[in-house]
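Novice: Need the 3D shape of this:
(one chain, ligands or ions: 1)
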Amino acid sequence: MARLRCPKCGTEMNLHAEKLVHPENAAEAGRVDVALGGLLQETHACPGCGNIESRRL
Ligand SMILES: [Zn+2]
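Specialist: Numbers count the residues shown, from 1 in each chain. Next up, the predicted model:
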């Protein structure tokens with residue numbers, strides 16, 4: 001799994017949590033994991049500055 005770099009300070013971020021979310025638009029609906037019944041959203045936390053970033057897979 002690719003690591004994210006913090007957009008604020010450039011430190012590699014730690015994967016903090018994954019959760020299942022429902023698609024919010026047609027583009028996301030097209031990427032739904034049928035086995036899971038939704039999309040995975042990752043939350044990453046920066047150990048350097050405490051920044052939190054979320055992304056949907
Ligand atoms: Zn940071």
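Novice: near the ion, which residues of this protein?
Specialist: Proximity of the chain to the ion, by C-beta under 5 Å from the ion, involves residues 6, 8-9, 11, 46, 48-49, 51. For the C-beta atoms, the positions are set from N, CA and C on the backbone; glycine is no exception.
Novice: can we see that at 8 Å?
Specialist: By the rule C-beta under 8 Å from the ion, the part of the chain lying against the ion is 6-11, 13, 46-51.
Novice: Filter these down to the buried ones and hand me the ChimeraX line.
Specialist: Only the buried entries of these go into this ChimeraX selection, using 16 or more other C-beta atoms under 10 Å:
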select :6,13,46
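Novice: who are the neighbours in contact with T11?
Specialist: Counting by C-beta atoms under 8 Å, 6 or more residues apart in numbering, T11 touches 5, 46-49.
Novice: want to try a markdown table for these, with secondary structure and pLDDT as columns?
Specialist: Below are these laid out as a markdown table (DSSP: H, G, I helix; E, B strand; the rest coil; pLDDT from 0 to 100):
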| residue | secondary structure | pLDDT |
| --- | --- | --- |
| R5 | strand | 96 |
| C46 | coil | 97 |
| P47 | coil | 97 |
| G48 | coil | 97 |
| C49 | coil | 98 |
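Novice: With respect to A27, which of those residues is nearest?
Specialist: Checking these against A27 with C-beta to C-beta, the nearest one is R5 at 24.5 Å.
Novice: what sits against that closest one?
Specialist: R5 neighbours (C-beta under 8 Å, 6+ apart): 11-13.
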